[in-house]
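Visitor: Sequence first, predicted model second:
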Amino acid sequence: MKEASKKIPTSLMIIFIILTILIIIASHYIYSEGKKRIKREKQGDLLAIAELKVEQIVDWKNERLRDAMVIQKDRFLTKAIYEYLKNPEKKELKDEISFWMRGFKETYRYKSVILLNKMGEIVLYISDEEEKLGPDAKRVFDEALNTKRIQFSDLYRSKISNVIRFTIAVPLLLGDGEKTRVIAVFILRIYPYDFLYPFIQTWPVRSETAETIIIRREGDEILFLSELRHKKDSALILRQPLSDADYVTTMAINGIEGVVEGLDYRRVPVVAGIKKVPDTTWYLIAKMDIDEAFKPIEGFLLNMTVITILVIISTGSAIGMVWRHQRSRYYKELYKEELKHRALLRHFEYLTRYANDVIILTDEDLNIVEANDRAVEFYGYSEDEMKWMNLKDLYPEEERASLNSFVERIDTENGLIYEAMQVNRSGERFIAEISARYFDIEKKRFYQFIIRDITEKKKNEEELKRYKEHLERLVEERTAGLELANKELEAFSYSVSHDLRAPLRSIDGFSQVLLEDYGKVLDRVAQDYLRRIRNATLRMEGLIDDLLNLSRITRSELTYEEVDLSSLAKEVIEEQIEREQRDNVNVRIHDGMKVKGDAKLLRIMLENFFSNALKFTSRNDRPEIEFGMTEIDGKLTYFVRDNGVGFDMSYVDKLFKPFQRLHSLKEFPGTGIGLAIIYRIIKRHGGVVWAEGEVGKGARFYFRINNI
Amino acid sequence: MNKKSILLVEDNPDDIDLTIRALMKNNIVAEIDIVTDGAEALDYLFGRGLYSGRKVYIVPHLVLLDIKLPKIDGFTVLRQIRENSITRLIPVVILTTSNEESDIRNGYQLGANSYIRKPVSFERFMDVVKEIGIYWLFINQPPPLSYSKEL
């Protein structure tokens, strides 16, 4: 198995680094795009706010202009004022104008509504303020008087009361065209804290640092017109030199419109939307600290960083897991291998240590290197002793020389199994079967001997051999006895055929001689006795012949061959019918009956069957004999049937016994050997035979031969 | 001299009597020499012992030989007959009570010219002996005898 290092593999490392780089690039891209988007949004917001504020200022100014124009176009008012200026004593006129002025002031929420005549003297004065007219008011008055048009002052700080004001001068005109002349001027004063500043200072969303400021240029300086968020009471007081271009205010004055980044009056970096207010010297700046404006970017950066780190970590973990998985698999397999190895070792140790056989390991010179427990137990030496011994020490003196030849054979035959005498510590000897083989370890030869005590085995073998010999002897004896018996039987048969017959011939012969030579002296009774003697002699001859035949059948050796019973039967019965001239017998023999058996004996069997059948049907008018086959109990069975005299089933047991007759000699001649011969022949063929019959109705013989 | 001669080798005196009777009754005229055991038969044929003076070249025209004989059995006698140049061609008919297959086979193997079982029935025995005598002594052309040369 490949060695797995504990370090993460380089391939995984490279994959991890590439993935990390890709993730960082991707996050950086997402971040910079997001940052741009956030900036764009913020800048757009600021610009939109600036534009909105400028619009509001313009609207507000236009409203003021309309207010002024309402006054200017009011001919009744002009006339009334005109009248009043001519006749200042007319009190009701003065009241009426004052009343209107108060109404106007309240309605449109001016701070002051002041009526001046064309010399600039105050005619009527409706105001919340103490101060009447300052130089700034005078200047606007002069412009209005000269231009005959409505004039707006800039924002200014009153030199008398130090109050910031915005003043409108409305010339009241009389006459048309060239003749038009100013009869009086209304001065309308507005307090910017009431109107302008509040809406400038409002911000559409909550913000810590956002503010809108209005500035204008005064000489080489920038004048802040509005109240500042971060510097109280700075309106129309705070000034800034134009020289420092880092200020957003400077940029505004320098004509830059749109979004810029720079420093504000606190020297804090801000992002600002700049818009010039039309028809004024004002610049409106909507700004916010970069810190706040771009705070979402920080958050976004933080998020992105966190996400990136998380992604990198998870990538790392994923790769780590892959690695760990690989490693764990490796270790698992290593563990398994180790287990297997240990199991093998233990198995081997177990095998050798507790093996039933002695196992001995020797070096080239047969010095014992290793021996198992059995060896110790077997030879009676301790394990340490064994290791100082030579294999030869385990052999009896006289056999040690032969060991060398065994070792030679082990070398040449690549292992050897041999039997040798062994001797143990106490000098006891035993026969061992030794299985030996060699093996080489690092060019050094070792021999391994597996030694098994076969003393017991040998003993058993010898006993077995003795038994076998005994058995063989027994068989021989029995066979000899049998042979002897057979020989005796043969000798007996021989003497029966020879010696028993010879006297019969003498009896018969001399009986005849008596009849022939002395017939004249013997009376009829004597002659009849002689004839009886001769009959009995002949019967005795028949019996002897039958006995001989029976013994021959028992003794003769069987020669098995295929025998066609059908054709054999036909041959036999035809012979018999011809010999006994029984042409009237109806014979039926089935075809195709074939058996394996001894042809000669089977012929004798059939001869006996048929001669019996012929004999017992001899008194029948229509004798019938049938030889065929059928199936009984699922087995092929042959039968010989006749319609002769039959027999009584109660004597069926006697039927097949030799010399048993169921009929008298007078009825039917015979010795009663036929069925006994049949029985023996069938038995010798390993078959069975039985009979069925009924008196007067014939007999039926069934038989089976061994092969069926 | 034209007289036919028969050597009857038979130990049973009854059978000897019956055989002679049968021959005579059937008018078979022949000189019948009788020996009652195998050894005597051989002595007779080879001119030994009791028969030492006998002219061995005068061989019988027929030997009727029983198998079961005292001293030397019929088969041994037959073998010696067939082994000897003088007696080798003599017609030998085995006349015995045995019908054992082995006896029959043995007889023919040793060169018997015929094998006949003695019937128990005397009538049939008479017939058999008559047939044998007529056939072997009168019908059958005997082998040329060797004694003429000796003479």
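Guide: Yep, it's here.
Visitor: Please count neighbours and contacts with C-alpha atoms only from this point.
Guide: Fine.
Visitor: how many neighbours does residue 99 have?
Guide: Looking at chain A here, since you left the chain open. Counted with other CA atoms under 10 Å in any protein chain shown, residues neighbouring A:F99 total 13.
Visitor: Not quite, go with chain B.
Guide: Residues near B:N99, counting by other CA under 10 Å: 17.
Visitor: how about it, phi and psi?
Guide: Dihedral angles of B:N99 (phi, psi; degrees, to the nearest 10) stand at phi -120, psi 30.
Visitor: just the one 3 residues further on next, same as before
Guide: Backbone dihedrals for B:S102, given as degrees, to the nearest 10, come out at phi -60, psi -40.
Visitor: how far away is it from A:L547?
Guide: Distance of B:S102 to A:L547, given as CA to CA, to the nearest Å: 17 Å.
Visitor: Ok, A:E574 next?
Guide: Per CA to CA, A:E574 is found 26 Å from A:L547.
Visitor: next one: B:I20
Guide: When B:I20 is compared with A:L547 (using CA to CA), they lie 31 Å apart.
Visitor: Who has more neighbours out of these two?
Guide: A:L547 (20 against 17).
Visitor: Which residues of chain B lie near chain A?
Guide: Proximity of chain B to chain A (CA under 8 Å from any CA of the partner chain) is limited to residues B:14-15, B:18, B:96-100, B:119-122.
Visitor: In helices, which of these appear?
Guide: Counted as lying in helices by DSSP state H, out of the residues of chain B next to chain A, are B:14-15, B:18, B:122.
Visitor: Which single one of these is nearest to A:S664?
Guide: B:F122 (26.6 Å; CA to CA).
Visitor: And the residue nearest the centre of chain B?
Guide: Most central in chain B under CA atoms, centre = their mean is B:V63, positioned 1.7 Å from the mean C-alpha point.
Visitor: Get me the contact residues on chain A for chain B.
Guide: A:494, A:497-499, A:501-502, A:504-506, A:508-510, A:512, A:537-538, A:541.
Visitor: what do you get if the cut-off is 10 Å, keeping everything else the same?
Guide: Contact residues (CA under 10 Å from any CA of the partner chain) of chain A with chain B: A:490, A:493-513, A:534-535, A:537-538, A:540-542, A:545, A:548, A:552.
Visitor: just the buried members of those residues?
Guide: A:490, A:493-498, A:500-513, A:534, A:537-538, A:540-541, A:545, A:548, A:552 (16 or more other CA atoms under 10 Å in any protein chain shown).
Visitor: From those, which land in helices?
Guide: When those are checked against helices (DSSP H), the matches are A:490, A:493-495, A:501-513, A:534, A:537-538, A:540-541, A:545, A:548, A:552.
Visitor: List phi and psi for the residue nearest to the centre of chain B.
Guide: phi -110, psi 120.
Visitor: wait, doesn't it sit right on B:I90?
Guide: Yes: using CA atoms under 10 Å, B:V63 is in contact with B:I90, at 7.3 Å.
Visitor: who touches both of those two?
Guide: B:112-113 (CA atoms under 10 Å, 6 or more residues apart in numbering or on different chains).
Visitor: Near A:I417, how many other residues are there?
Guide: 16.
Visitor: so who does it touch?
Guide: By CA under 10 Å, 6+ apart, the neighbours of A:I417 are A:406, A:409-410, A:433-437, A:449-451.
Visitor: A:Y702 now?
Guide: A:627-630, A:632, A:637-641, A:688-692.
Visitor: tell me the contacts of the residue nearest to the centre of chain B?
Guide: When contacts are taken as CA under 10 Å, 6+ apart, B:V63 is in contact with B:5-9, B:32-34, B:41, B:78, B:90-95, B:112-113, B:136.
Visitor: Quick one: distance of the one helix or strand A:K457 maps to to the chain centre.
Guide: Taking DSSP states H and E as the criterion, A:K457 maps to helix A:455-495. Remark: helix A:455-495 is offset 70 Å from the chain centroid, using CA atoms, centre = their mean, to the nearest Å.
Visitor: Contacts for stretch A:559-575, please.
Guide: Contacts for stretch A:559-575 (CA under 10 Å, 6+ apart): A:576, A:579-583, A:587-611, A:614, A:625, A:627-628, A:685.
Visitor: For the stretch 251-400 of chain A, which residue gets nearest to chain B?
Guide: Residue nearest to chain B within the stretch 251-400 of chain A (CA to the nearest CA): A:E399, separated by 62.2 Å.
Visitor: What's the local residue count around that residue?
Guide: A:E399: 14 neighbours (other CA under 10 Å).
Visitor: That one: what secondary structure?
Guide: helix (DSSP: H, G, I helix; E, B strand; the rest coil).
Visitor: does the nearest residue to it once chain neighbours are set aside have beta-bridge partners, and which?
Guide: Leaving out its chain neighbours, the residue that sits closest to A:E399 by CA to CA, 6 or more residues apart in numbering or on different chains is A:M421, at 7.5 Å. Beta-bridge partners of A:M421, counted by DSSP bridges, are A:I431.
Visitor: what's near enough to touch A:M421?
Guide: So A:M421 contacts A:394-396, A:398-400, A:429-434, A:453, A:455 (CA under 10 Å, 6+ apart).
Visitor: and if we set it to 7 Å?
Guide: A:M421 is in contact with A:395-396, A:429-432, counting by CA atoms under 7 Å, 6 or more residues apart in numbering or on different chains.
Visitor: Please tell me how far A:S426 sits from A:D453.
Guide: Taking CA to CA, one finds A:S426 at 16 Å from A:D453.
Visitor: And for B:I67?
Guide: 67 Å.
Visitor: Then A:G687?
Guide: 53 Å.
Visitor: which of the two has more neighbours?
Guide: Neighbour count, other CA under 10 Å: between A:G687 and A:D453, A:D453 has more, with 20 against 16.
Visitor: show me what contacts the more buried one?
Guide: A:430-433.
Visitor: Any stretches of the chain with poor pLDDT?
Guide: With no chain named, the answer covers chain A. A:1-7, A:131, A:348, A:496-497, A:665-666, A:707-708 (pLDDT under 70).
Visitor: Chain B, not that one
Guide: Using pLDDT under 70, the flagged stretches of chain B are B:1-2, B:145-151.
Visitor: go again using 50 as the cut-off
Guide: Scanning chain B for pLDDT under 50 picks out B:1, B:147-151.
Visitor: can you give me the helices for it?
Guide: Using DSSP H, helices in chain B cover B:13-25, B:38-46, B:74-83, B:101-109, B:122-133, B:147-150.
Visitor: Please identify the deepest-packed of those.
Guide: Using mean count of other CA atoms under 10 Å in any protein chain shown, the stretch among the helices of chain B with the largest mean neighbour count is helix B:38-46, at a mean of 22.
Visitor: From the contact counts, what lies against that one?
Guide: Judged by 3 or more CA pairs under 7 Å, 6 or more residues apart in numbering or on different chains; DSSP states H and E, the packing partners of helix B:38-46 are helix B:74-83.
Visitor: Figure out how far the helix of greatest length in chain A is from the centre of its chain.
Guide: Counting by DSSP H, the longest helix found in chain A is helix A:10-73. How far helix A:10-73 lies from its chain's middle: 57 Å, per CA atoms, centre = their mean.
Visitor: what comes into contact with the helix or strand just after that helix?
Guide: Counting by DSSP H and E, the next helix or strand C-terminal to helix A:10-73 is helix A:75-86. Contact with helix A:75-86 is made by A:90, A:93-94, A:172, A:183, as judged by CA under 7 Å, 6+ apart.
Visitor: Cheers, nothing more for now.
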